[in-house]
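Only the shape, not the letters, is given here:
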């Protein structure tokens, strides 16, 4: 039986500074599924995650996005977060002077309030944070430090997995979460993603490399070029891209070369 649709993107067109980046992109990610997005630089992969999360500066010119049947594009960024959208950034920012504990409890309670739920108690929050940090192999003392300040690249990505575990999103957008990770950190982060697979969560992994998919077996792999999905397949598609690159798929999509495949 087909899973109930968690997120549906139809003919999405978006631009920044007057330049079209997404050009009629259509994609459906069912509840409980993990989909991977791959493609050449400039194809629109990160733009897709930014548009879905509501990042400022990106203008939607057409199409629709729904999350559990609700119009996502009609919501402000904080409303999308409360509705269940989570964005794991390629380059997590540092926030000096704000501890990880304060940052995450404030974010969590803000979302709960917007959903009409009671705030989480201090005791319950600390218990959940300690468990999430342990799962990600981070010393809990690091959670008392400023957000990402002094963290290595791998620690920043693990910290994002902790945030994801605490916020429990319906739609997790992970933008090159494997960027800057060594082999051990990659395995830990991949294990975190796998642990957070859920029947009511859709996950979209944006990645350049097949190595992450060795550890996180996706349900579907999509190739994004020139702002649209030009090919979809199973995990074997990532292996094909790793071996052959994008040139043949670009030609099959009517794009003369890889430069044209970028938006």
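Sure thing, it's come through. Since the model is a prediction, treat every value here as computed from it, not as a measurement.

which non-adjacent residue is nearest residue 201?
residue 170 (5.9 Å; C-beta to C-beta, 6 or more residues apart in numbering). Backbone N, C-alpha and C define where each C-beta goes, glycine included.

So that neighbour sits against residue 67, correct?
Yes - using C-beta atoms under 8 Å, residue 170 is in contact with residue 67, at 6.4 Å.

between those two, who's got more neighbours?
residue 67 (22 against 17; other C-beta atoms under 10 Å).

Tell me the bridge partners for that one.
residue 7, residue 70 (DSSP bridges).

From residue 94, how far out is it?
Per C-beta to C-beta, to the nearest Å, residue 67 is found 29 Å from residue 94.

Now do the contacts for the residue nearest to residue 201.
Residue 170 makes contacts with 6-7, 31, 67-68, 83-85, 200-202, as judged by C-beta atoms under 8 Å, 6 or more residues apart in numbering.

Kindly indicate the member of those with the most neighbours.
Most surrounded of those: other C-beta under 10 Å gives residue 202, at 27 neighbours.

re the thing from before, JSON lines for the contacts of residue 170, including distance to residue 222?
Below are the contacts of residue 170 laid out as JSON lines (distance: C-beta to C-beta, whole Å):
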{"residue": "6", "distance to residue 222": "16"}
{"residue": "7", "distance to residue 222": "13"}
{"residue": "31", "distance to residue 222": "17"}
{"residue": "67", "distance to residue 222": "18"}
{"residue": "68", "distance to residue 222": "21"}
{"residue": "83", "distance to residue 222": "23"}
{"residue": "84", "distance to residue 222": "21"}
{"residue": "85", "distance to residue 222": "19"}
{"residue": "200", "distance to residue 222": "22"}
{"residue": "201", "distance to residue 222": "18"}
{"residue": "202", "distance to residue 222": "13"}
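
For the chain, give me the ranges with low pLDDT.
Residue ranges of the chain with pLDDT under 70: 1-5, 257-263.

residues touching the residue most central in space within it, list them.
For the chain, the residue sitting closest to the mean C-alpha position, by C-alpha atoms, centre = their mean, is residue 173 at 1.6 Å. The contact partners of residue 173, by C-beta under 8 Å, 6+ apart, come to 49, 52-53, 85-88, 204, 206.

Can you turn the buried part of these into a ChimeraX selection?
Filtering the contacts of residue 173 down to the buried ones (16 or more other C-beta atoms under 10 Å) takes a single ChimeraX command:
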select :49,52,53,85,86,87,88,204,206
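
just checking, which of the contacts of residue 173 belong to helices?
Among the contacts of residue 173, the members found in helices (DSSP state H) are 49, 52-53.

In stretch 36-47, which residues are buried?
Here stretch 36-47 shows 36-40, 42-47 as buried, counting by 16+ other C-beta under 10 Å.

got it, and stretch 145-164?
Going by 16+ other C-beta under 10 Å, stretch 145-164 has these buried residues: 145-148, 151, 154-164.

likewise stretch 135-146?
Judged by neighbour count (16+ other C-beta under 10 Å), stretch 135-146 contains these buried residues: 135-138, 142-143, 145-146.

Going by distance to residue 108, which of those wins?
For the buried residues of stretch 135-146, the residue nearest residue 108 by C-beta to C-beta is residue 143; the value is 13.4 Å.

Tell me if the closest one really is in a strand.
No - counting by DSSP: H, G, I helix; E, B strand; the rest coil, one finds residue 143 to be helix, located in no strand.
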